[in-house]
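Next come a sequence and a model predicted from it.
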Amino acid sequence: MMKSNILVVDDEPVARQSLTDILKLEGYLVNSAPNGQAAVEHIRTHPVDLMIVDLKMPGMDGLEVVQVVNQASPDTEVILLTAFGSTESAVQALRLRIHDYLLKPASPAQVIASVKKGLTRRAARAKSASPSADVDETIEVFTLKDGTSVDLSRRQIKHKSRIEHLTPAEGRLLRILMENEGKVYSHRELVLLVQGYDTSQREAPEILRPLVSRLRHKLEQFPALSERVVSVRGTGYLYEPDKK
């Protein structure tokens, strides 16, 4: 039986090593990362079935890491660990599709039980998503009122005989906006979600501008789509709800 890959993310060396040892004793393949940026780099280049991530870390915190993981590796289950339990962070965790939320110091038994439950859920979801299963899947193709079709999995936009293909970065940007209709994303959030690294609010618009410019140029051929990708002055971007 293939062993599951687990990533432990914690800036505290003792906590990180303790979790790693506990999970290795259970027979899992375990890697660790000392901060959010290292975690993002690892998950973009290695398969990770489940991630245990600390909420409070310098630089990219746990919730910011999870936002990137949800885009880069949506099949990865996530357990959030924190010494600062609060209703607000718990609600945010649930919005980000986090499997479990444990308060530090969690006992080995709690961690192991949560990991087993998360991996079981991941296996069940993978089975239900197989081609033979009759289940509803995440919407990958959006059809606009003028017939414009946006295939997010293929990164392809089509209207009548006109077809435009997007780069991976352009596709990630459009996916984030379209799947979160009406939500305003700041420049910094979009750099984090699309490019995978954190930056300052001052630098983010400059980093994002070339990508947005290229995407807008392609969307110009599809007015029904381009008019809904809107710049919010001084803040960021959103995908506007359809005006009925």
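Great, that's in hand. Residues are numbered from 1 along each chain as shown.

list the contacts for residue 227?
Residues in contact with residue 227 (Cβ atoms under 8 Å, 6 or more residues apart in numbering) are residue 240. C-beta: built from backbone N, CA, C; applies to glycine.

measure it to residue 239 for me?
From residue 227 across to residue 239, the span is 11 Å (Cβ to Cβ, to the nearest Å).

How about residue 47?
Taken as Cβ to Cβ, the span from residue 47 to residue 239 is 31 Å.

Repeat that for residue 23.
For residue 23, the distance to residue 239 - Cβ to Cβ - is 39 Å.

Run a quick neighbour tally on the nearest residue to residue 148 once chain neighbours are set aside.
Spatial nearest neighbour of residue 148, chain neighbours left out: residue 159 (4.4 Å); criterion: Cβ to Cβ, 6 or more residues apart in numbering. By other Cβ atoms under 10 Å, 18 other residues sit near residue 159.

Mind pulling up the pLDDT for residue 139?
In this model, residue 139 is scored at 57, pLDDT.

Tell me which helix or strand comes right after the helix or strand of the chain with the lowest mean pLDDT.
Lowest by mean pLDDT, DSSP states H and E among the helices and strands of the chain is helix 87-95, with a mean of 54. For helix 87-95, the succeeding helix or strand toward the C-terminus, using DSSP states H and E, is strand 100-103.

list the buried ones in the very next helix or strand once past that following strand?
Per DSSP H and E, the first helix or strand lying C-terminal to strand 100-103 is helix 108-128. Going by neighbour count (16 or more other Cβ atoms under 10 Å), the buried part of helix 108-128 is 111-112, 114-115, 118-119, 122.

Following helix 108-128 in sequence, what is the next regular element?
Assigned by DSSP H and E, the successor of helix 108-128 is strand 141-143.

Quick check: buried residues in that next one?
So for strand 141-143, counting by 16+ other Cβ under 10 Å, buried means residue 142.

Does residue 59 lie in a helix or a strand, and which?
Using DSSP H and E, no helix or strand contains residue 59.

Need the pLDDT of it.
88.

rewinding a little: which of residue 47 and residue 239 has more residues huddled nearby?
Higher neighbour count among residue 47 and residue 239: residue 239, with 21 against 12, using other Cβ under 10 Å.

Quick check: phi and psi on residue 160?
phi 60, psi -120 (degrees, to the nearest 10).

Okay, domains of the protein per the record?
The chain breaks down into these domains under automatic domain parsing: 5-128, 141-239.

weakest of these in terms of mean pLDDT?
Lowest mean pLDDT of the domains of the chain: domain 5-128, a mean of 85.

ok, which stretches of this protein are helices?
Assigned by DSSP state H, the chain shows helices spanning 13-25, 36-45, 62-72, 87-95, 108-128, 168-178, 187-190, 204-219, 223-226.

now the ones you listed in JSON lines, with distance to residue 147?
Output for the helices of the chain, formatted as JSON lines (distance: least, Cβ to Cβ, whole Å):
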{"stretch": "helix 13-25", "distance to residue 147": "51"}
{"stretch": "helix 36-45", "distance to residue 147": "35"}
{"stretch": "helix 62-72", "distance to residue 147": "28"}
{"stretch": "helix 87-95", "distance to residue 147": "33"}
{"stretch": "helix 108-128", "distance to residue 147": "32"}
{"stretch": "helix 168-178", "distance to residue 147": "16"}
{"stretch": "helix 187-190", "distance to residue 147": "28"}
{"stretch": "helix 204-219", "distance to residue 147": "15"}
{"stretch": "helix 223-226", "distance to residue 147": "8"}
